[in-house]
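J.: coordinates for the following, if possible.
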Amino acid sequence: MSEILLIRPLKLISILIFILLTSCSLVKNNHTHDSEKKTAIEDFDAFYNKFYSDSIFQMSRIKFPLKGFLVDGLKQENWKKENWSTLKTKVFDIDTTMYMTDYIKTYKSFIEKVWIKDSGFFVEYGFKVIHRKWYLVYAVDQNL
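T.: The predicted structure is shown next:
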């Protein structure tokens, strides 16, 4: 009979240890999941659509002073907020019967190019992830 009394406390202790370990594991898994959310990179497609449809958002996601330049005829300027023209047409929506287009997308960068062959017109925009958010970091707008 004393053996039965000894087995019950051991069984009870085993069950308590199991519950304790299981609950610690759940807390750890929730913590890991939350930290993964914090380190996730902003969805590019959502960013890109909003960038081209919301001029205020667009200005908030341009890293001035912006690398690159604006060339109009013989005049070349560096980019400033004052000479920036809002971008309105995504590279995917460009009329490819008139313009040539190309883009390269990686996990943390996107480069889009639009040009008219043998015309002197060429634009290139470079986007990059900075602190898990997408920004326009480079622009060339050339119209010779």
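J.: and stretch 79-99, how far from the chain's centre?
T.: 19 Å (Cα atoms, centre = their mean, to the nearest Å).
J.: and it, what's buried?
T.: For stretch 79-99, burial by neighbour count (16 or more other Cβ atoms under 10 Å) applies to 79, 84, 87, 91, 99. C-beta coordinates here come from the backbone N, C-alpha and C atoms, glycine included.
J.: ok, now stretch 51-62?
T.: Buried, per 16+ other Cβ under 10 Å, within stretch 51-62: 51-52, 58, 61-62.
J.: ok, now stretch 110-120?
T.: Buried residues in stretch 110-120 (16+ other Cβ under 10 Å): 110-115.
J.: among these, which ones are in strands?
T.: 110-115 (DSSP state E).
J.: what bits of the chain have low per-residue confidence?
T.: Counting by pLDDT under 70, the chain contains low-confidence ranges at 1-38.
J.: all strands for it, in order.
T.: Using DSSP E, strands in the chain cover 62-72, 75-77, 100-105, 109-116, 121-130, 133-143.
J.: from the chain's centre, how far out does the second one sit?
T.: Averaged C-alpha coordinates place strand 75-77 at 30 Å from its chain's average position (Cα atoms, centre = their mean).
J.: remind me what it packs against, helices and strands.
T.: strand 62-72 (3 or more Cβ pairs under 8 Å, 6 or more residues apart in numbering; DSSP states H and E).
J.: contacts for the strand it packs on?
T.: Under the contact criterion Cβ atoms under 8 Å, 6 or more residues apart in numbering, strand 62-72 has outside partners 76-81, 83-84, 124, 126, 130, 135-144.
J.: do that again at 10 Å, thanks
T.: Residues external to strand 62-72 that are found in contact with it (Cβ atoms under 10 Å, 6 or more residues apart in numbering): 51, 76-85, 87, 120, 122-126, 128, 130, 135-144.
J.: what comes up buried for that strand?
T.: Quick answer for strand 62-72 (16+ other Cβ under 10 Å): 62, 66, 68, 70-71.
J.: which pair in those has the greatest spatial separation?
T.: 62 and 71 (18.5 Å; Cβ to Cβ).
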